[in-house]
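Enquirer: No letters, just coordinates:
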């Protein structure tokens, strides 16, 4: 049986047998527009859009590109961060499967803007098929002079390499990612200097999340004005939210950032069971409680990367706290003293929970570790990784107390 | 300049300065652990974090540079709490500290920092830390105390270019490979101990401090091994030296560095094998039980009587003194005074004879002064280093560090000329791998290129030299590069490249060793080197010159103070009437004026009967002179052999009387190192048993032979010799003990001596070119003896091994000698690693294990002379440089056969 001549279900999607059609139908409006503008004009447009990074840190993109443009060093690099290591996050995979050219197009625009000489897409190790599709697309882009030498006869050279892993959560940290690309241990470097000044190979580097880059193409194509009509001030543009956990229809929801948690959950079919809480921007983000259900998920309110993990009232907060602690214990690099020692102590606190006389000292010590990390750790992994457990202790002390006195029926640890 | 404020104090610093260093400049101490002044800050301990207005959280002060208007606060509550938390973690892991804890000093520092932050160490609950001691012969590490700052091995990368240990795993399991019991990577550690010095928590320590605990006290001394002259702080516990730490002062040669021997090789001092009582021979034989214990009176009376008899009946020239290049300047002065004033002979020499006498001859002929022309400090600033016939990373390690620094950090070019692939060839721009014994051809070849490509400094040659025409003619007539290539085996293009590098650099330094001097053309080899310096003008200014690497700790000094047969102290010739008159007047005795026997001639003379009595101070010619069978016959034939020693060496086994001497740590005196620095030291501990200093013994012997020698101490001896030696006249104990760094020539007490020589004119006016022809070695390979044996040294051992073999750790690193054979040759001989081989020469044979390595080129083999069980000098021959009478250790023809 042959493929349908006119696909109806899959349209122009980059499915396996019609990658070529996808490529040929892709309009490249953003790129065509961009090469008629000066770098300054492109940056002005991006700034006007208010686009902020979608990887979790929400840094204003226009300012980032401008900083690289202004660097005295003439060697610059462009990196797309597709590590997507935060648990509960899959939006970048979805974008790379559905519309990879938007990302590549944005990278070429970035290269044109700051005269980057080389670009890298760093993919999560498990995204093997995406890598293969990207390699094919890159070949075609080169054939059509949209990559390589003298791109579109605008006298700038740029090419992109795809790298898949080595994947650990820490490789998503931008400076650790650079070190991984350089073949070194994937451990964060000191900041300052920041990547815009010294990034990959210690040269000025733009590093952006996949979703952020997809927005860049939209902005260049449809205009910053249009972009600002979506979402509230300070949180413009469409956002992909990843819903998972105790939710009826887990998956990606595209919405504006004035959506509330309650709305997102409803759009995803509702909670399975009774809503107890949610980790917004993943386990390294914030704990949202029933009182927070109506807060709009703006940047200011902690949207982060848009990941929402919902848990219901059958979940034991102590068990969640232990899992979160274990995750960051396993994933932390161990390079800096406070990180390495604090994570050991945090894990010991959680492992020995059942033998603690009371919660207060545990909460206090865990909180002290979190403060120490917030103040002086070398990167943000351990500090953001030690926020959730104390928040859970604060919100659900009874779950922890159960563990300490008699055992937890929920976790099956009755004494 | 950037203006910042730290704790309210305004500070102005250059852009790029870190907050930490800006604070230090202003006297504000921010505590640190992982910060190291020599290394790029990594910012992993986070102890140095400070508060900065406008920046959230805390900021690491070692990794962050200042910007204008920055307001920094180093003592806020937030900063102190951070320090308390981090130090609390470190101290918790540090564990309990007992009285014998190796890391007491480090604990004290950590405690001090904790107290300053408001944390009381006593409140920290902890348990004992432990040290891993079985995976390295000399180093130990505590995994609990390691904070993974990696200063240790990053310093090693900085100093050596080594990568001895890696960081493995991640997270809670992240650890240095060495800290989990994985030995240091093979070939990636010299055991210099620098890593130990840079560890902030005492996690990495010398093994002695784990087995013995920390020292009771430390005392300064000067290293008793090689001619680098490192300043030590000897670590003493219960009256025993455990080892040494480096001196850190900028004025010292070593500036915080040491090598494995200087740091770890002090076990010989307290070893039970030390001879501590005088011994007189009781019966024939070569073993210790052939001797009986005697009193000092009996032993010295015996020696005095024998020597007196020979002197009075047969003449003073039938006696000889072989003084020690390991003994002090004062003692060497007294030894030559004994020879001249008491024995009435100029038969006095020291072991410079068998190593750098050609340097004295050659450099004196070329420049007028026979010593290094520059200070070792100038190596770091050289733009090109030409290293010939020397292996400093093994034989002069701290000088090896300086060369590494110049190349790895200051972009110096390096050309290595050596038959073997020594370590430094790995970082060299050029390696000219010549056949052993072909130096003159190669050096003339380089000169040829300089002339052909107009790389010579014609102005310099015209203004400051003589003799260039004759040299130019010989080079142009006889040394075309094809001929040079066929003699040396070095490709013409490589010779051209090397010549261009040497000539083209702004400042080029030639550094050379025994691969130049220990040849029958040693003196000519040195003159050929001098020719290159004169032709290019790379001489007579900072960072440009010619530096021989003197071997023993005081071989330079022994020569300076006259322990030589042809000169009095200060290189005043024995046939100079004015000099003779001066010394004769001072010593109140008539002095001999004809040149005496050189040490090799003394040996031959002993064999022939020309020398009947030999006073031999701390030398072991049976093991270290060439042609051991001949030396043994010589020793046997003497009427009277008196040996002054620490240990029962092979030479001592031939003695009639053995006198137990004190070692360097047990006396006061001065040593002069290879860059002419006179360094004073005091005793660190008392000599054992009945040992006496060489000075005491010599004076006593003189007295018993009728010539009174009374001195209150070494200071008085030095005073006498300085008064008599113009080049040393300005050097006085008062100045040395006040800490002045003095070098010779130092003619007045108003200056510190001249570090860089020949600046405006050469010592004898103009530099002299010498026209030199290559001649092949007298010893040549043939079908019976098809391999070329060249001998030398190893990092872990020294000279005859008497001292280094007493340290267990050094034996652990290098337990027995092995002859190095190229894999191609090994295959032809069907050899496997460590197989026993029989090595034969025209003089004798030995058996030794083999080590298969491409360090030697095919056809050449290498062995050291450090082990008495495998006495390589049985094989070497009595071929000498005709002027210096220095043996050709570097060329011996041998056959090699597998022992079945």
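Expert: That came through fine. Computed from a predicted model, the values in this text were never measured in an experiment.

Enquirer: quick one: contacts for the spatially most central residue of chain A?
Expert: Nearest to the mean C-alpha position of chain A, by Cα atoms, centre = their mean, lies residue A:55 at 3.0 Å. Listed by Cβ atoms under 8 Å, 6 or more residues apart in numbering or on different chains, the contact partners of residue A:55 are A:81, A:172, A:208, A:209, A:211, A:212, A:305. The way it works is simple: take the backbone N, C-alpha and C, and place the C-beta from them, glycine included.

Enquirer: Number of residues surrounding the second one?
Expert: Residue A:172 has 25 neighbours, counted by other Cβ atoms under 10 Å in any protein chain shown.

Enquirer: ok, so what distance separates residue A:309 from chain B?
Expert: 23 Å (Cβ to the nearest Cβ, to the nearest Å).

Enquirer: Which strand or helix spans that residue?
Expert: strand A:307-312 (DSSP states H and E).

Enquirer: That strand - which strands sit beside it in the sheet, and in what orientation?
Expert: strand A:239-245 (parallel), strand A:275-280 (antiparallel) (DSSP bridges).

Enquirer: What mean pLDDT does the shortest one get?
Expert: Rounded to a whole number, the mean pLDDT of strand A:275-280 is 98.

Enquirer: C-terminal to that strand, what's the next element?
Expert: strand A:286-288.

Enquirer: helices or strands next to that next one in the packing?
Expert: strand A:275-280, helix A:388-395 (3 or more Cβ pairs under 8 Å, 6 or more residues apart in numbering or on different chains; DSSP states H and E).

Enquirer: Determine which stretch of those is the most buried.
Expert: Sort those by mean neighbour count, taking mean count of other Cβ atoms under 10 Å in any protein chain shown, and strand A:275-280 sits at the top with a mean of 24.

Enquirer: if we can go back for a sec, tell me the secondary structure at the residue nearest to the centre of chain A.
Expert: coil (DSSP: H, G, I helix; E, B strand; the rest coil).

Enquirer: mind checking pLDDT for it?
Expert: The predicted local confidence for residue A:55 is 94.

Enquirer: quick one: it from chain B, how far?
Expert: 19 Å.

Enquirer: now residue A:376
Expert: Distance from residue A:376 to chain B, by Cβ to the nearest Cβ: 4 Å.

Enquirer: same deal with residue A:327?
Expert: From residue A:327 to chain B the distance is 11 Å (Cβ to the nearest Cβ).

Enquirer: show me the contacts for whatever residue of the stretch 651-800 of chain B ends up closest to chain A.
Expert: Going by Cβ to the nearest Cβ, chain A is nearest to residue B:795 of the stretch 651-800 of chain B, at 31.2 Å. Neighbouring residues of residue B:795 by Cβ under 8 Å, 6+ apart: B:190, B:259, B:260, B:261, B:393, B:394, B:395, B:397, B:814.

Enquirer: does it count as helix, strand or coil?
Expert: Classified using three-state DSSP, residue B:795 is coil.

Enquirer: pLDDT wise, what is it at?
Expert: Confidence score, pLDDT, at residue B:795: 96.

Enquirer: Can you pull the poorly scored residue ranges out of chain A?
Expert: Within chain A, the stretches with pLDDT under 70 are A:1-12, A:414-415.

Enquirer: near chain B, which residues of it?
Expert: A:168, A:170, A:185, A:190, A:192, A:329-338, A:340-344, A:347, A:368, A:371-372, A:374-378 (Cβ under 8 Å from any Cβ of the partner chain).

Enquirer: got any ranges where the stretch 301-450 of chain B has weak pLDDT?
Expert: Residues of the stretch 301-450 of chain B that meet the cut-off, pLDDT under 70, do not exist.

Enquirer: where along it do the helices fall?
Expert: B:329-337, B:357-367, B:392-395, B:397-410, B:439-452 (DSSP state H, counting those that start in this stretch).

Enquirer: end-to-end on stretch A:229-238?
Expert: End-to-end distance for stretch A:229-238: 10 Å, by Cα to Cα, to the nearest Å.

Enquirer: Spatially nearest residue to residue A:267, not counting backbone neighbours?
Expert: Leaving aside its chain neighbours, residue A:267 sits nearest to residue A:253 (5.5 Å; criterion: Cβ to Cβ, 6 or more residues apart in numbering or on different chains).

Enquirer: For that neighbour, name its beta-bridge partners.
Expert: residue A:241.

Enquirer: who touches it in this structure?
Expert: A:240, A:241, A:243, A:264, A:267, A:268.

Enquirer: What subset of those is buried?
Expert: A:240, A:241, A:243, A:264, A:268 (16 or more other Cβ atoms under 10 Å in any protein chain shown).

Enquirer: Greatest separation within these: which pair is it?
Expert: Maximum pairwise distance in the buried ones among the contacts of residue A:253, criterion Cβ to Cβ, is 12.8 Å, between A:240 and A:268.

Enquirer: So residue B:231 sits against residue B:219, correct?
Expert: No: using Cβ atoms under 8 Å, residue B:231 makes no contact with residue B:219, being 11.7 Å away.

Enquirer: These two: which is more packed in?
Expert: residue B:231 (23 against 18).

Enquirer: and that one, backbone torsions?
Expert: Main-chain torsions, residue B:231, degrees, to the nearest 10: phi -90, psi 130.

Enquirer: hey, what's it bridged with?
Expert: Counting by DSSP bridges, residue B:231 is bridged to residue B:222.

Enquirer: Kindly tell me how buried residue B:834 is, as a neighbour count.
Expert: Residue B:834: 11 neighbours (other Cβ under 10 Å).

Enquirer: All good on my end, thank you.
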